[in-house]
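**Student:** Here is a sequence with its predicted model. Questions after.
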Amino acid sequence: MDAKLLDKKIELIQWLSTLEDSLIIEKLVTFRKEETKDWWDNVSDEEKVSIAQGIADADNKKMKPHSEAKKLYEKWL
C-alpha cells in the first residue's frame with residue numbers, strides 16, 4: 001500500500017477515535033452505508049434498459065469502432 005495513503009488512513013483513524021460529535025459520527029455512518037450499496041440499486045429503470053440494450057448490442061456484434069465514436073465526439077473531448 002502507498003505510504004501516503006497509509007498515513008492518511010492512520011490520521012483518519014486517530015481523528016475518529018477522538019471524535020465526540022454524534023452528528024458527525026452519524027453522517028460518517030450514513031456515508032459508509034451509502035458507499036457500500038450496489039450502484040445498480042441507484043440506477044433508474046430507464047438507465048437499466050439502456051445498459052441492457054448496450055449489452056445486447058455488444059453480444060450481437062452491433063458495435064461501432066472506437067475510432068468512429070472518437071470522431072463523432074471529438075469536439076467534446
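**Tutor:** Yep, it's here. These figures come from a predicted structure and were not determined experimentally.

**Student:** contacting residues for Thr30?
**Tutor:** Thr30 is in contact with no residue at all, counting by C-beta atoms under 8 Å, 6 or more residues apart in numbering. Heads up, the C-betas are built off the backbone N, CA and C, glycines and all.

**Student:** Work out for me the element it sits within.
**Tutor:** Taking DSSP states H and E as the definition, Thr30 sits inside helix 22-35.

**Student:** How far away from the center of its chain is that helix?
**Tutor:** 18 Å (C-alpha atoms, centre = their mean, to the nearest Å).

**Student:** Output that helix in PDB, but only the C-alpha positions, please.
**Tutor:** Taking C-alpha atoms only, helix 22-35 is exported to PDB below (Å, rounded to 0.1, in the frame of the first residue of the first chain):
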ATOM      1  CA  SER A  22     -22.600  12.500  17.500                       C
ATOM      2  CA  LEU A  23     -23.900  14.300  14.400                       C
ATOM      3  CA  ILE A  24     -20.600  13.900  12.500                       C
ATOM      4  CA  ILE A  25     -20.400  10.300  13.600                       C
ATOM      5  CA  GLU A  26     -23.900   9.700  12.300                       C
ATOM      6  CA  LYS A  27     -23.000  11.400   9.000                       C
ATOM      7  CA  LEU A  28     -20.000   9.100   8.700                       C
ATOM      8  CA  VAL A  29     -22.100   6.000   9.300                       C
ATOM      9  CA  THR A  30     -24.600   7.100   6.700                       C
ATOM     10  CA  PHE A  31     -21.800   7.900   4.300                       C
ATOM     11  CA  ARG A  32     -20.400   4.400   4.800                       C
ATOM     12  CA  LYS A  33     -23.700   2.700   4.200                       C
ATOM     13  CA  GLU A  34     -24.200   4.700   1.000                       C
ATOM     14  CA  GLU A  35     -20.700   3.700  -0.200                       C
END
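
**Student:** Give me the phi and psi angles of the residue nearest the centre of the chain.
**Tutor:** Residue closest to the average C-alpha location in the chain (C-alpha atoms, centre = their mean): Trp39, at 7.1 Å. The phi/psi pair for Trp39 (degrees, to the nearest 10) reads phi -60, psi -30.
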